[in-house]
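S.K.: Turn this into a model:
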Amino acid sequence: MQISRRLAAGLLAAIALATTAAPGASAELRPLPDCRYDDDLTKYRAYADWRRTLLDPIYMVPRSYAPTDLLSTADAGLNGGYLVRSVVRDRLRAMGTAARNAGAPLAVQSAYRSYATQESAFAAEVRRVGYARAVKQSARPGHSEHQLGTTIDFRSYGNTTPAWNYTDWGTTKAGTWLKANAWRYGFVMSYPKGKTTVTCYIYEPWHYRYVGPWRAKEIRDRGLTLREYLWYWDGNGY
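M.R.: Okay, the predicted model is just below:
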């Protein structure tokens, strides 16, 4: 079910009011849950729900979730070898061009990952750093936004060093440009700095999810994280 922009704005206004009103005033809104680890199927998990699908340590999509409209990132004018959904292509191309013109060219480090690929990636991370640390910096299979096909890990063009190997890739020319401008093209940083207790993952300045320009602007203007925005999307939490 599509929700009107006017209604969506009203819901977000209600969230803002609830968080500033007196205790008890937010009783109609289910609070964002604390970070915990569960395997509940997310409420909006159809392919058409890509804008509003909430994935976090609690909510997941099934193993069978695999978009059928995947295409190469090369079709968006960036380096190939990675896949994104067709809905991402045009805005990704425009963003890549703008970043290049601004002297902050981007490259793709990772994009769509199947359930099986994420399963292997998470297992490798557990072997590397242990489970307790791994779950804070790598999503368990089914819980990864990369499985949606609308999420990209970026790096600096011309430098093959993965963004996560920097002390803070967000301070590089490409990272700084993305933080300031990605919303204009519909992309949101899923795990911003200082928000780990809300997002449940460590700061990842390279990890951006496409939600469309209007929603990206709303998230930016309201000062919400993506997880908060999606949790309250239907006005009553999941």
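S.K.: just checking, next helix/strand downstream of the helix or strand of the chain with the lowest mean pLDDT?
M.R.: One helix or strand of the chain scores below all others by mean pLDDT, DSSP states H and E: helix 5-20, with a mean of 48. Using DSSP states H and E, the helix or strand that follows helix 5-20 towards the C-terminus is strand 40-41.
S.K.: Which neighbouring elements make contact with that next one?
M.R.: strand 59-60 (3 or more Cβ pairs under 8 Å, 6 or more residues apart in numbering; DSSP states H and E). C-beta coordinates here come from the backbone N, C-alpha and C atoms, glycine included.
S.K.: in its sheet, what does the strand it packs on sit against?
M.R.: Here strand 59-60 is paired, per DSSP bridges, with strand 40-41 (parallel).
S.K.: From the chain's centroid, how far away is the strand it pairs with?
M.R.: 18 Å (Cα atoms, centre = their mean, to the nearest Å).
S.K.: neighbouring contacts of it?
M.R.: Strand 40-41 has contacts (Cβ atoms under 8 Å, 6 or more residues apart in numbering) with 58-62.
S.K.: all strands of the chain, in order?
M.R.: Applying DSSP state E to the chain gives strands spanning 40-41, 59-60, 70-72, 83-85, 106-110, 151-156, 187-189, 207-210.
S.K.: And the helices in the chain?
M.R.: Applying DSSP state H to the chain gives helices spanning 5-20, 86-101, 115-129, 131-137, 173-181, 196-199, 213-222, 226-231.
S.K.: Please identify the most buried of the ones you listed.
M.R.: Among the helices of the chain, ranked by average contacts under mean count of other Cβ atoms under 10 Å, first place goes to helix 226-231 (a mean of 23).
S.K.: Just list what that one packs against, helices and strands only.
M.R.: Partner elements for helix 226-231 (3+ Cβ pairs under 8 Å, 6+ apart): helix 196-199, helix 213-222.
S.K.: Apply 10 Å and report the result again.
M.R.: helix 5-20, strand 59-60, strand 187-189, helix 196-199, strand 207-210, helix 213-222 (3 or more Cβ pairs under 10 Å, 6 or more residues apart in numbering; DSSP states H and E).
S.K.: okay, and for the chain, where does confidence drop off?
M.R.: Where the chain drops to pLDDT under 70, the residues are 1-29, 234-238.
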